[in-house]
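Sequence plus predicted model, see below.
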Amino acid sequence: MSFVAVSNIAKRYGDAPILERLSLDVEKGEFVTIVGASGCGKSTFLRLLLGQERADRGTIAIEGAPIAPEPGPDRGVVFQKYSVFPHLTVIDNLVLPAEIEASPFFGRLFGGRRRKAREEAEALMEKIGLSHAARRYPAQLSGGMQQRLAIAQALLRKPRILLLDEPFGALDPGTRQDMHVLIEDIWRETAMTIFMVTHDIKEAFKLGTRLLVFDKIRHDPQFPAAYGATVTYDLPLHRKAANAAGEGTGPSPHETADLEATLSMPASPRRERAAPAIGQ
Ligand SMILES: Nc1ncnc2c1ncn2[C@@H]1O[C@H](COP(=O)(O)OP(=O)(O)O)[C@@H](O)[C@H]1O
Ligand SMILES: [Mg+2]
């Protein structure tokens, strides 16, 4: 039994199929990176894993149990932007969600529990490099620091699965490098299973133990929205797994070029012929 088992799911919005026949088995501790053309359903897939959306058919199970139909503490999520509370300081962004969860009526904790929540938040800020900014508001933070805060928030409830939706897409290259180091450290330390959508193929190769490409297997030029996407490539990144204690070695130039070409193309005729028939 795999840790996350996605079995033949399909999802449409209205008449438009977004995902179809998508199956996937992921083991505990994998770092799955996902790339694919804009609008092909990557965020939709993460929302299904989060439990924010339900598949129209098929099943998603975690350790054999069907996924809860709403976001739960076992799954954390970080979006590209705006996932922190703008009107709360860094420390309150970390303490308040814990307080509200533990005490929905008063929205705050008292005594030992309150102290514990603050201590946990302080430990997280330390780990994530935000201790010096505890009293600042998000608008007073750089983009990289805001994303650090969003990651800290996602880690608060010690999720087993971390979902990252282009979390570093808005950051400058230097800050991105720092975030790569941070997320790798967290991944190694916590042994979490990570799903990360990215636009950047090099980032996908660098961080992932496995890279998925989402694409349509059938393409109707008259009706581009006629078919949904699925996993068209599933590449184990062996070098990374073999070299788990060190730096990811990154893609070779031709691997990157091949995938970049794939992503900028509609589904190729070769793959259309090779694909199984869909949608009876
Ligand atoms: N809540 C929604 N209602 C209707 N259509 C949606 C909704 N969310 C996403 N879509 C559509 O579904 C498609 C896939 O969206 P999304 O998963 O965000 O793509 P990606 O993350 O790969 O760019 C897009 O065409 C988008 O417009
Ligand atoms: Mg998206």
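Alright, I've got the coordinates. Numbers count the residues shown, from 1 in each chain. Ligands and ions are numbered 1, 2, ... in the order given.

Every contact and neighbour count from this point should use C-alpha atoms.
Will do.

what's the neighbour count on Gly208?
Neighbourhood size, Gly208 [other C-alpha atoms under 10 Å]: 27.

Surely Thr232 forms part of a helix?
No. Counting by DSSP: H, G, I helix; E, B strand; the rest coil, Thr232 is not part of a helix but strand.

and it, what is it in contact with?
By C-alpha atoms under 8 Å, 6 or more residues apart in numbering, Thr232 lies in contact with Leu212, Val213, Phe214, Asp215, Lys216, Ile217.

Also Ser2?
By C-alpha under 8 Å, 6+ apart, the contact set of Ser2 is Asp25, Val26, Glu27, Lys28, Ile62, Glu63, Gly64.

of all these, which comes closest to Ile201?
Val26 (20.2 Å; C-alpha to C-alpha).

Any figure for the gap between the closest residue to that closest one other than its chain neighbours and Arg21?
Leaving aside its sequence neighbours, Val26 sits nearest to Val4 (C-alpha to C-alpha, 6 or more residues apart in numbering; 5.1 Å). The gap separating Val4 from Arg21 is 16 Å, by C-alpha to C-alpha, to the nearest Å.

Out of all residues in the protein, which is the farthest from the middle?
Farthest-out residue of the chain from its mean C-alpha position, per C-alpha atoms, centre = their mean: Gly111, at 35.4 Å.

so Glu20 makes contact with Ser7?
No. Applying C-alpha atoms under 8 Å, one finds Glu20 not in contact with Ser7, separated by 10.6 Å.

Give me the more crowded residue out of those two.
Ranked by neighbour count (other C-alpha under 10 Å), Glu20 and Ser7 place Glu20 first, with 24 against 16.

show me what contacts that one?
For Glu20, the contact set (C-alpha under 8 Å, 6+ apart) comprises Asn8, Ile9, Ala10, Lys11, Tyr227, Gly228, Ala229, Thr230.

Around ligand 1, which positions in the chain sit nearby?
Proximity of the chain to ligand 1, by C-alpha under 6 Å from any ligand atom, involves residues Tyr13, Ile18, Ser38, Gly39, Cys40, Gly41, Lys42, Ser43, Thr44.

picking up where we left off before, just want to know which of Val4 and Arg21 has more residues nearby.
Neighbours per residue, other C-alpha under 10 Å: of Val4 and Arg21, the larger number sits with Val4, 22 against 19.

just to revisit the earlier point, separation between the residue farthest from the centre of the chain and Gly36?
49 Å.

Quick check: which ranges of the stretch 101-250 of the chain have low pLDDT?
When residues are selected by pLDDT under 70, those of the stretch 101-250 of the chain lie in 102-110, 238-250.

And the strands in it, which stretches?
Shown for the stretch 101-250 of the chain, the strands assigned by DSSP state E, counting those that start in this stretch span residues 161-165, 193-197, 210-216, 229-236.

a markdown table please, covering the ones you listed and showing distance to Leu130.
Shown next, in a markdown table, are the strands of the stretch 101-250 of the chain (distance: least, C-alpha to C-alpha, whole Å):
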| stretch | distance to Leu130 |
| --- | --- |
| strand 161-165 | 20 |
| strand 193-197 | 22 |
| strand 210-216 | 30 |
| strand 229-236 | 34 |
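
nearest to Val77, of those?
When the strands of the stretch 101-250 of the chain are ranked by proximity to Val77 (C-alpha to C-alpha), strand 161-165 comes first, at 4.6 Å.

and the direction of that closest one versus that of strand 193-197, what angle?
10 degrees (axes from the mean of the first three to the mean of the last three C-alpha atoms, to 10 degrees).

could I have strand 161-165 exported to PDB, CA atoms only?
The C-alpha trace of strand 161-165 is given here as PDB (Å, rounded to 0.1, in the frame of the first residue of the first chain):
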ATOM      1  CA  ILE A 161       2.100  16.100   3.600                       C
ATOM      2  CA  LEU A 162       3.300  19.500   2.500                       C
ATOM      3  CA  LEU A 163       1.700  21.000  -0.700                       C
ATOM      4  CA  LEU A 164       3.600  23.900  -2.300                       C
ATOM      5  CA  ASP A 165       2.000  25.700  -5.200                       C
END
